[in-house]
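Enquirer: Based on what follows, work out the 3D shape:
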Amino acid sequence: MDNRREQIVDILRREFIGPDPIDEPGMRQENGEEILTGDPPRIRYIAGVLFPQEVTEDQVLPEETSDDAAELDTDEPVTAKPVRQDAVSEDDIGEELINLSNAWQQSAMSMTAAVMDGDSLYVTVRAGIYLPRKVKDPETDKETEQWCRVPVTWTHDDRPLVLPLSGRQSFPVDLETPKVNLCFHATMRHKDKQKGHTVYTFTLENTKRKTGNTVKDEDCCFQAQFSIRSEMGFAALPDGQRITRDEDYLSNQMLYRDIYSYAIGHGCAAGWAEADGTVHEISTETFPEHEILPIVPATIEGVSLEMFGMSDFGNLRDVLHELNLMCDKYGEWITDLRTRLPSIQDKATAQRHIAACEECLHRMREGVRLLASDRMVQTAFSYMNRAMLLQQLHYNMPLQKWVDDGHGGITLEQPQTLPDIRDKATWPGEASRYGRWRPFQLAFILMNLKSMADRQCAERQLVDLIWFPTGGGKTEAYLGLSAYAIFLRRLQRLPAESTSILMRYTLRLLTAQQYERASTLICACEVIRKEKEHELGKERISIGLWVGSSSTPNKQEEAVKKYNELYNGHSNENPFVVLKCPWCGAQMGVVEKPGARGRAIRELPGYRKLSKPNRIIFQCLNTAGHCDFSSESHFR
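Expert: Next comes the predicted model:
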């Protein structure tokens with residue numbers, strides 16, 4: 001069984017929260033608990049910490065620990081012992097505990113849940129306390145400081161919690177050794193007599209107050225966590241009170257009407273395991289996790305949606321038959337939604353969703369009708385399908401590295417044959433993973449065929465949002481529509497020097513990665529343009545990137561300067577974001593080979609400096625592999 005995900009989660013949890021005992025001499029106590037010998041615990045662990053109260057942000061740097069805390073016996077775990085229960089006044093509903101939980105350097109963590117009337121709750125608190133001690137090196141006689149972990153567990157002597165009928169009930173926890181004070185609270189929030197449950201907020205508080213100007217590690221609680229077990233099972237929390245109940249809110253309420261929340265964390269997350277529709281235990285989660293299952297595209301009988309068949313190598317009659325069948329199946333699905341309408345409580349919202357689906361179906365059918373009747377749309381659509389298949393095949397070409405050929409030049413270490421879309425034997429990797437649209441992707445494209453082709457179309461005022469998790473296929477959908485728009489503009493003889501597509505990303509790393517995929521698509525479009533020059537014009541189809549001057553040069557003179565520095569070895573920082581040919585996969589960038597007197601000589605395959613005027617272009621060096629973008633004709 002593949003457990004790599006669990007291993008990564010465990011590594012991250014031990015790194016950020018702890019404990020992370022190292023199985024080496026001097027790093028573990030006799031009871032197996034860890035000993036920190038480098039950074040103090042407040043530096044080593046950054047999450048799951050309950051600080052003493054009244055701590056400000058500038059007071060969390062480590063300081064030297066006082067001598068009176070040294071030489072403490074930490075071999076045995078400390079079991080927290082509850083002392084008297086202290087009922088607090090009804091007016092005190094514990095808002096200050098929520099503030100402590102939500103503070104920057106939090107002193108508490110809280111969790112809100114709904115408890116059924118007559119239920120019995122059992123709590124378990126776990127934490128870790130690190131005690132400093134001075135240790136002398138027997139060889140150097142140098143004194144160093146270590147921090148020994150002491151595990152803390154409190155279960156209220158396995159007795160059920162006495163919950164307040166109003167206000168707050170507190171269960172102080174006094175630790176004699178070490179001097180850290182914890183307190184557990186139950187605060188009554190709201191009673192629902194009709195549903196027979198009461199909403200409580202449970203809080204674990206570090207009641208220790210800051211002394212001095214900085215925080216002592218022994219005053220903090222690490223790996224703080226508590227769980228609550230219910231005999232009857234927790235009730236689902238009611239919906240929050242909202243001032244505005246807009247369409248998005250109502251849509252989510254309807255779509256997730258069968259998904260319930262059983263706890264809300266404050267200063268932490270809340271977790272639970274549901275079995276047979278019942279939740280018997282909730283717990284605080286400093287490191288919340290949830291596995292998002294992959295979105296698997298549905299298959300439609302009789303509909304293959306193959307890009308090759310929909311390209312200019314396919315048959316238009318077969319394409320129209322498939323697309324009409326896909327629309328029919330979508331219509332059947334909408335009809336099934338209508339049969340389920342009586343079971344939906346919010347029928348107005350459900351009707352609105354069905355109406356939106358029917359509008360999408362209408363736009364899809366309009367796209368198919370336009371494809372059947374408009375020759376220009378047919379051509380742009382078919383070229384788009386060919387370009388998308390080429391994009392998939394060439395984007396997955398492996399990186400081909402340049403190496404010294406022993407004769408003063410460089411050669412590709414493992415030359416690769418360019419894929420031929422007519423021959424699946426030339427496709428990289430498993431051929432079955434290429435060349436098929438997912439139904440939603442092609443539906444998105446069909447919906448926009450008309451608005452792209454007709455500038456007077458009222459649908460040009462609409463913005464279509466693709467809402468899918470990562471890996472669902474969003475990029476392929478909008479790249480396909482981008483290719484269609486590029487070819488359509490060329491067929492319509494619109495100015496070729498203008499910008500057709502703008503893509504914007506919020507993260508630079510994502511921008512660079514998506515730029516690589518878009519570059520491969522543009523290369524595919526350009527290859528088709530050269531083949532169909534009589535239809536698509538002589539002007540190149542090109543792509544550019546704007547990420548700011550801190551990432552790549554914005555001006556040609558700056559690019560030439562950076563190129564010279566890189567080529568002459570005055571800099572090792574490559575400012576050019578293209579690191580491999582987007583068409584054949586050949587390496588682009590710095591390649592070093594041995595030179596005279598043991599000095600390395602640099603070559604920059606893929607980056608070419610031109611004069612008159614001085615500028616840098618990207619031109620693949622893979623002439624032997626017949627890369628379409630190693631030819632001089634592309635750069636005239």
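Enquirer: pLDDT on the helix or strand harbouring L320, on average?
Expert: For L320, the host element (DSSP states H and E) is helix 316-339. The pLDDT scores in helix 316-339 average 96.
Enquirer: now swap in stretch 297-306 and tell me
Expert: 87.
Enquirer: can you tell me the distance between the two ends of that stretch?
Expert: 14 Å (CA to CA, to the nearest Å).
Enquirer: Buried residues, it. List them.
Expert: Using 16 or more other CB atoms under 10 Å as the test for burial, stretch 297-306 gives 303, 305-306. The way it works is simple: take the backbone N, C-alpha and C, and place the C-beta from them, glycine included.
Enquirer: Run through who's touching the helix holding L320.
Expert: The contact list for helix 316-339 (CB atoms under 8 Å, 6 or more residues apart in numbering) reads 300, 302-305, 309-310, 350, 353-354, 357-358, 360-361, 364-365, 368, 371-372, 378, 382, 439, 442-443, 446.
Enquirer: Stretch 111-121 now?
Expert: Contacts of stretch 111-121 (CB under 8 Å, 6+ apart): 160-161, 163, 189, 192, 196-203, 226, 228-238, 262-266, 268, 270, 282-284.
Enquirer: Can you pick out the ones from those residues that are in strands?
Expert: In strands, defined here by DSSP state E, the members of the contacts of stretch 111-121 are 189, 192, 197-203, 226, 228-230, 264-266, 270, 282-284.
Enquirer: buried set for the helix holding L320?
Expert: 319, 322-324, 326-327, 330.
Enquirer: same deal with stretch 533-553?
Expert: Residues of stretch 533-553 classed as buried: 536-537, 541, 543, 552-553 (neighbour count, 16+ other CB under 10 Å).
Enquirer: repeat for stretch 210-229
Expert: Here stretch 210-229 shows 210, 215-228 as buried, counting by 16+ other CB under 10 Å.
Enquirer: Give me the residues contacting stretch 261-268.
Expert: 98, 100-103, 106, 108-114, 201, 203, 234-237, 270-272, 274, 279, 282, 284-286.
Enquirer: re the thing from before, which one of the buried residues of stretch 210-229 is nearest T144?
Expert: Using CB to CB, D217 is the member of these that sits closest to T144, with 15.0 Å.
Enquirer: Isn't that closest one up against D39?
Expert: No: contact criterion CB atoms under 8 Å: D217 and D39 do not qualify, at 10.2 Å.
Enquirer: What's the first helix or strand after the top helix by length along the chain?
Expert: When the chain is parsed with DSSP state H, its longest helix is helix 347-373. With elements assigned by DSSP H and E, the helix or strand that comes after helix 347-373 is helix 375-395.
Enquirer: Quick check: next helix or strand after that next one?
Expert: strand 402-404.
Enquirer: downstream neighbour of that next one in the secondary structure list?
Expert: strand 410-412.
Enquirer: packing partners for that following strand?
Expert: strand 402-404 (3 or more CB pairs under 8 Å, 6 or more residues apart in numbering; DSSP states H and E).
Enquirer: Not counting stretch 9-24 itself, show me its contacts.
Expert: Counting by CB under 8 Å, 6+ apart, 27-28, 32-35, 41, 44-48, 128, 149, 222-223, 286-287, 289 sit against stretch 9-24.
Enquirer: repeat that with 6 Å
Expert: With contacts defined as CB atoms under 6 Å, 6 or more residues apart in numbering, stretch 9-24 is touched by 28, 34, 45-48, 149, 223, 286-287, 289.
Enquirer: Top of those residues by number of neighbours, please.
Expert: In terms of neighbours by other CB atoms under 10 Å, the contacts of stretch 9-24 top out with R149 at 25 neighbours.
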